[in-house]
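Asks: structure of the sequence below:
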Amino acid sequence: EISLGLVGSEMCIRDRYWSPDLFATLDYKNDDEYIEHYRELFTDTVRRLSRSHAPLAIEVSGGLDSSAIFAVAEHLESDAQLLAPNCSGYTLNFSGDRHADEIAYCRAVGTHLGKPIAEVAPAFPPVSQYQDSANFFRDISQYPNGAMAENELRMAQVDGSRVLLDGIGGDEWLNSGRVYYQDGLNQMHFGQVMALLGDDIKHSGALISLWWLIRSAGLLSLPNFAINIARTIRERFNGDNDDGQRWLSSALKEKLLIQQAKQTRQPPNQVRLPSQHNGLATLQDAYIARSHYINDRYAAGFGIEARRPFYTVGMVQFSFMLPTRLQFSRGIDKYTHRRAMQGLLPRIVLERQSKAEFSTTFDHHLRQLRQHFADEIFDRRDDWINKDQAVRLLETYLSEQHPGLPMWLLWSLLLCDNIFDHRHVQR
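Replies: Coordinates of the predicted model:
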């Protein structure tokens, strides 16, 4: 959606400029035709987004998605179809950090393509840099796992690039999980459902596979009103018990519930398949939209426009049309994407199932700020938070190896505290 302010008026109009066609289908005869369609679409998407008068920069983490973008761009350049003078890959070298280190995968991509990828040390900006930026924008500036790319962006800038492609969106639009049972039962494709069950039994065992099918059948049999009631109860329950909200003050919880109630949800009878609810939720996810905005603004600070092939209209629409059995198949996620990239990427990347984890970028600062939270911020912001729960949140963060949500909440609190600190307000 987009919000437009009217000149000479205090009114703000919200308008939706695009929505996926939920009833469009691709009725191909076999899996290979879907895969070929995807390969052509993905290649053309990278080609279109490569348009630049300057060298094209590509972020290559060593993961499946960004590596695929780089591989396609390199082949487009070799075939004189790239819409930029040339392309270069950049990666962060986390050697020595077993959770964040992806350099072996990245080097394998470079070797496979015969095109070296520039390795850059990750950045760990001081807390003051985040605070100064937050104060300047009066907004969350950047999270540490985004700011770690500072040296990468700076190198691309020095090399003359003005456009950077990244792999954000691959996890959202190339993978569906095991919702194919619900879709198959909904369409009454019982033969297909049994074939999928057979594949799951072969790869995961009979008991868990039967449970997946039974659970899907149970969810599908619930009437729409029951699903809506269950969803409302779950949201209410989570509002009081989920770690993401438990630490908030009662006043902020109430405000949050009011805002959540305003969120529009696609009515169940306006989707073609049950799985489409997940895609619609992703499109309407406020945090995802917010993170894109923050990342775009951060890259713009280096004179670089960040572009995301997986978030283009064509790629998102394709995700809604591609049968979910071809997004997750035989225990393999991103099935169609992996099949389409065969030959373009080395096997070690094509078959990769692991994901890097970058909590080290948060730990670099947060663990040193434990007393600042406990002795200052928690007391100063008692109108925002439930102090007892906030202390537990901090303890959870400090005690867990991969703290996940707590580190995001604490970092956001740190910067919000800075933004609203009257000593830093500039008018």
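
Asks: where does this protein have its least confident helix or strand?
Replies: helix 224-241 (a mean of 50; mean pLDDT, DSSP states H and E).

Asks: the next helix or strand after that one: which residues count as buried?
Replies: Following helix 224-241 in sequence order, the next helix or strand is helix 243-246 (DSSP states H and E). Within helix 243-246, the residues that qualify as buried are 245-246, counting by 16 or more other CB atoms under 10 Å. Every residue, glycine included, has its C-beta placed from N, CA and C.

Asks: can you give the distance of helix 243-246 from its chain's centre?
Replies: 21 Å (CA atoms, centre = their mean, to the nearest Å).

Asks: which parts of the stretch 101-250 of the chain are strands?
Replies: 118-120, 163-165 (DSSP state E, counting those that start in this stretch).

Asks: so what secondary structure elements neighbour the first one?
Replies: Judged by 3 or more CB pairs under 8 Å, 6 or more residues apart in numbering; DSSP states H and E, strand 118-120 is in contact with strand 87-92, helix 150-158.

Asks: can you pull out the residues in contact with the last one?
Replies: What it means is helix 150-158. For helix 150-158, the external contacting residues (CB atoms under 8 Å, 6 or more residues apart in numbering) are 57, 59, 88, 90-92, 118, 120-123, 125, 164, 298-299, 302-304.

Asks: contact partners for Trp173?
Replies: 279, 282, 310-311, 315-316, 318-319.

Asks: of all the residues you listed, which two lie farthest apart?
Replies: Thr282 and Phe318 (14.2 Å; CB to CB).

Asks: about what we covered before: check the contacts of Trp173 against Phe420 and report the nearest one.
Replies: For the contacts of Trp173, the nearest to Phe420 is Thr282 (30.5 Å; CB to CB).

Asks: nearest spatial neighbour of that closest one, skipping sequence neighbours?
Replies: Spatially, and ignoring its direct neighbours in sequence, Thr282 is nearest to Glu172 (5.1 Å; CB to CB, 6 or more residues apart in numbering).

Asks: how many other residues sit next to that neighbour?
Replies: 17 (other CB atoms under 10 Å).

Asks: test my guess that it contacts Phe310.
Replies: Yes: using CB atoms under 8 Å, Glu172 is in contact with Phe310, at 7.3 Å.

Asks: contacting residues around stretch 299-314?
Replies: Among residues not part of stretch 299-314, those counted as contacts by CB under 8 Å, 6+ apart are 18, 41-42, 44-46, 48-49, 57, 65, 69, 153-154, 156-157, 161-170, 172-174, 292, 295-296, 315.

Asks: now stretch 18-34
Replies: Applying CB under 8 Å, 6+ apart, the set of residues contacting stretch 18-34 from outside is 37, 266, 270-272, 276, 279-280, 283, 313, 316-318, 320-323, 326, 336, 339.

Asks: Ser359 and Pro323, how far apart?
Replies: Distance of Ser359 to Pro323, computed by CB to CB, to the nearest Å: 35 Å.

Asks: circling back to that earlier point, which of the helices and strands packed on strand 118-120 sits most buried?
Replies: strand 87-92 (a mean of 24; mean count of other CB atoms under 10 Å).

Asks: so which strand or helix has the residue lying closest to Phe137 once chain neighbours are set aside?
Replies: Distances taken as CB to CB, 6+ apart put Arg297 closest to Phe137, at 7.6 Å, once the chain neighbours are dropped. Element membership of Arg297, judged by DSSP H and E, is helix 286-300.

Asks: what does Val349 give?
Replies: Going by DSSP H and E, Val349 is in helix 347-350.

Asks: drop anything exposed from the contacts of stretch 18-34.
Replies: Buried residues within the contacts of stretch 18-34, counting neighbours by 16+ other CB under 10 Å: 37, 266, 271-272, 276, 279-280, 283, 316-318, 320-323, 326, 336, 339.
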